[in-house]
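Visitor: Next comes the sequence, and after it the predicted model I'd like to discuss.
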Amino acid sequence: MNDINPNSSEVPQPRHGCVLVVDDDDQIRRLIVRLLQPTRHALEEAGSAEEALEKLRAVPPDLVLLDMQLPGRSGYELLAEIRGDPRTRLIPVVMITGAATPERKLKAIQEGVTDFLTKPFSPEELAARVQALLELKFVTDALEDAERVIVALARTIDARDRYTYGHSARVSLYAGLLGERIGMKESSLETVRRGGLFHDFGKIAVRDAVLLKPSKLTPGEYAEIQRHPTEGKSLLETMKTLSHAMGVVYHHHERLDGSGYPAGLAGEAIPLTVRVTTIADVFDALTTARVYRGALSREDALGIMADEVRKGWWDGRLLEEFRGVLSTLPEDDERILHISGGPPLSPP
Ligand SMILES: [Fe+2]
Ligand SMILES: [Fe+2]
């Protein structure tokens, strides 16, 4: 007999987190800590913004309870620092307020406060609010972990073939820089960066014997490689965090004259985010060694791409802008070297 009953109706226990209480008034700070003690959360205290920052940097808490009127650096400044640091920007911050004016509340909202707690408050209200916000933080943490796994997985696709090591990360970098140069808005930049990182994800479904084949592919093998945009889309489309990048994953092998795949889209029907990523993809493919040929110089690659613009494949205006990007991006730019610092490329 199995002892574990999967249908057990055990009540889930509240999880415990770390709460940082920031208030220069010792009495109030200690009162809040005392009220929270029965919740069994780890409790940290700070009497000033400076002390709070030190603690935040040492071990980021899961929740900050913050009095906005601190001596020296104000609670607003502390809040701005928390939101500006990638390690702390997602921590919920609750503003503890006596009789804050609507203007002050508005300012706190603009700085990114999560919630308000108005004095006086009951111990029950404090504990319930803290628990609810901690649960939210745990969900955010889990999503961030999932995101990290996905990005690591995207990188392993490149690592499978030593010739394409770092390809997706470089496509993401080039496409982002090209998007910035042509003034894309932030949401589109996010699409090309994400799209760049995941555009070849479907290659996971292509066999090594085909993906790494040094000689000419048979028509059947070529067709297998050509399925990677469709495979990528079907593998990733259920992931909400990547939905905006799905167009790039699915269409990055389209050509302006409609001769590309898988949909045979033409002209303006190919979204700008896709056309930008395609320029980055083709350029990186040409300038890095492949199993069937060596790396081309930047100038040779741009020459080939200019010929392909004349054939009607790529967006010539974007290629010109991309030349501009490259003129300010030396080949030994730290970002490129950092991405490409993978396994050494020795002859097969
Ligand atoms: Fe591709
Ligand atoms: Fe690619």
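Guide: Yep, that arrived. Numbers count the residues shown, from 1 in each chain. Ligands and ions are numbered 1, 2, ... in the order given.
Visitor: Close to ligand 2: what parts of the chain are there?
Guide: 200, 281 (Cβ under 5 Å from the ion). Where you see a C-beta, it was placed from the backbone N, CA and C, and this is true even at glycine.
Visitor: What are the boundaries of the strands in the chain?
Guide: 18-22, 42-46, 63-67, 93-97, 115-118 (DSSP state E).
Visitor: Mean pLDDT for those strands - can I get that in JSON lines?
Guide: Listed next are the strands of the chain as JSON lines, based on pLDDT from 0 to 100:
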{"stretch": "strand 18-22", "mean pLDDT": "95"}
{"stretch": "strand 42-46", "mean pLDDT": "94"}
{"stretch": "strand 63-67", "mean pLDDT": "94"}
{"stretch": "strand 93-97", "mean pLDDT": "89"}
{"stretch": "strand 115-118", "mean pLDDT": "86"}
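Visitor: Now render those as TSV, adding mean neighbour count and distance to residue 224.
Guide: Output for the strands of the chain, formatted as TSV (neighbours: other Cβ atoms under 10 Å; distance: least, Cβ to Cβ, whole Å):
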stretch	mean neighbour count	distance to residue 224
strand 18-22	23	51
strand 42-46	18	54
strand 63-67	26	51
strand 93-97	22	51
strand 115-118	14	53
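Visitor: of all of the stretch 1-150 of the chain, which residue lies closest to ligand 2?
Guide: residue 150 (17.6 Å; Cβ to the ion).
Visitor: same question, the stretch 51-200 of the chain
Guide: Using Cβ to the ion, residue 200 is the residue of the stretch 51-200 of the chain that sits closest to ligand 2, at 4.4 Å.
Visitor: isn't that residue right next to residue 231, touching?
Guide: No. Residue 200 is beyond contact range of residue 231, at 10.0 Å (criterion: Cβ atoms under 8 Å).
Visitor: who's more crowded, those two?
Guide: Remark: of residue 200 and residue 231, residue 200 carries more neighbours, 25 against 17, as counted by other Cβ atoms under 10 Å.
Visitor: ok, now which ones touch that one?
Guide: 157-158, 164, 167-168, 228, 232 (Cβ atoms under 8 Å, 6 or more residues apart in numbering).
Visitor: Check residue 188 too.
Guide: By Cβ under 8 Å, 6+ apart, the residues touching residue 188 are 179, 272-273.
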